[in-house]
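A.B. asks: Give me the fold of what follows.
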Amino acid sequence: MRDLDIRIHAKRFASRLVLHELGFGADDGEFLALVGPSGTGKSTLLHLIGGLDDDFEGSIHWGGAPLHRPGEAPERLGMMFQEPRLMPWLNALDNVRLVQAGSTDGEGRAMALLHEVGLGDAIDAWPAQLSGGMLRRVALARAFVVAPRLLLMDEPFVSLDMPTGNRLRDLLLDLWQRDRPLVLFVTHDLREALTLADRVLFLSSPPARVVLDYHVPLPRPRRLEGSEIAALQERLFERHPDLLSGMLEVR
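C.D. replies: Coordinates of the predicted model:
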């Protein structure tokens, strides 16, 4: 069994079947990207793994045991969403510290991470005083402040301009390569997936399942706008022209 083992037999919203016989495994330290058509259930899957929704048929195991236990939060789980979700009444430092519990050096680690993401001069700033890119950097620091073993990221860099997005992707990879959590990263951008991930999981249209588990053959570092990523994307579409429509059938 892999470190993380996902077996979702069925996830429904009312009578609508959203996920069906969706399964995959991953090992500690891997970086996986999840891509697929809009509305296919990528965010729903992250919510199940993160324990935000427990209404499903199936199992989610970490290290051979259920990831979630009744009344207990998963140990060292980090999350980052499409929106930064900062508390407007807390400054940058306190927003990062918000997820810490019982840490003996919580403030020191939070301050170090804010410096690492380039916000050493904005520790006392309120969210309303920060740009969109700076808000995402606070959220990124908050995701890593718990030293996560499992990090769930739901389109965290969506809607950012290319230079800002590239800086944040570089920061993410720097932090990931240092701490080596297992990352599950949802994106609609195949180039972003191929740039960041060790493996890309392609989901079908609903009811969603994994139709292709693709191991990215390129060494790091990779550039999203680089020719190698463009060529790799082109080869994927030549081989699987319906890849992102969710209609791919594995042969």
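A.B. asks: Helices of the stretch 101-250 of the chain, start to end?
C.D. replies: 106-116, 132-144, 162-179, 190-196, 227-239 (DSSP state H, counting those that start in this stretch).
A.B. asks: Give me the below-cutoff pLDDT ranges for the protein.
C.D. replies: 1, 70-75, 102-105, 244-251 (pLDDT under 70).
A.B. asks: Number of residues surrounding residue 43?
C.D. replies: Residues within reach of residue 43, counting by other Cβ atoms under 10 Å, total 17. Quick note: C-beta positions are derived from backbone N, CA and C, even for glycine.
A.B. asks: Just to be sure, it is in a helix?
C.D. replies: Yes - counting by DSSP: H, G, I helix; E, B strand; the rest coil, residue 43 falls inside a helix.
A.B. asks: circling back: with mean neighbour count and distance to residue 97 as extra columns, can I get the helices of the stretch 101-250 of the chain in a markdown table?
C.D. replies: Shown next, in a markdown table, are the helices of the stretch 101-250 of the chain (neighbours: other Cβ atoms under 10 Å; distance: least, Cβ to Cβ, whole Å):
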| stretch | mean neighbour count | distance to residue 97 |
| --- | --- | --- |
| helix 106-116 | 17 | 5 |
| helix 132-144 | 22 | 8 |
| helix 162-179 | 16 | 17 |
| helix 190-196 | 22 | 27 |
| helix 227-239 | 13 | 37 |
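A.B. asks: export those helices to CSV and tack on distance to residue 54?
C.D. replies: What follows is the helices of the stretch 101-250 of the chain, written out as CSV (distance: least, Cβ to Cβ, whole Å):
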stretch, distance to residue 54
helix 106-116, 29
helix 132-144, 22
helix 162-179, 27
helix 190-196, 28
helix 227-239, 35
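A.B. asks: Which one, of the ones you listed, ends up nearest to residue 88?
C.D. replies: Nearest of the helices of the stretch 101-250 of the chain to residue 88, taken as Cβ to Cβ: helix 132-144 at 10.8 Å.
A.B. asks: name the helices or strands packed onto that closest one?
C.D. replies: strand 77-80, helix 92-97, helix 106-116, strand 150-154, helix 162-179 (3 or more Cβ pairs under 8 Å, 6 or more residues apart in numbering; DSSP states H and E).
A.B. asks: if you set the cut-off to 6 Å instead, what comes out?
C.D. replies: strand 77-80, helix 92-97, helix 106-116, helix 162-179 (3 or more Cβ pairs under 6 Å, 6 or more residues apart in numbering; DSSP states H and E).
A.B. asks: need the ones you listed in TSV with distance to residue 50, can you?
C.D. replies: Compiled in TSV, those are given as follows (distance: least, Cβ to Cβ, whole Å):
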stretch	distance to residue 50
strand 77-80	6
helix 92-97	19
helix 106-116	21
helix 162-179	18
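A.B. asks: isn't residue 19 right up against residue 43?
C.D. replies: No - the pair residue 19 / residue 43 is not scored as a contact, 11.3 Å apart, by Cβ atoms under 6 Å.
A.B. asks: Out of the helices and strands packed on helix 132-144, the one nearest residue 142 is which?
C.D. replies: Ranked by Cβ to Cβ, the member of the helices and strands packed on helix 132-144 that lies closest to residue 142 is helix 92-97, at 4.6 Å.
A.B. asks: just how off-centre is the closest one within its chain?
C.D. replies: How far helix 92-97 lies from its chain's middle: 20 Å, per Cα atoms, centre = their mean, to the nearest Å.
A.B. asks: Any chance you could list what contacts that helix?
C.D. replies: For helix 92-97, contacts defined as Cβ atoms under 6 Å, 6 or more residues apart in numbering pick out 86, 87, 106, 110, 122, 123, 125, 138, 141, 142, 145.
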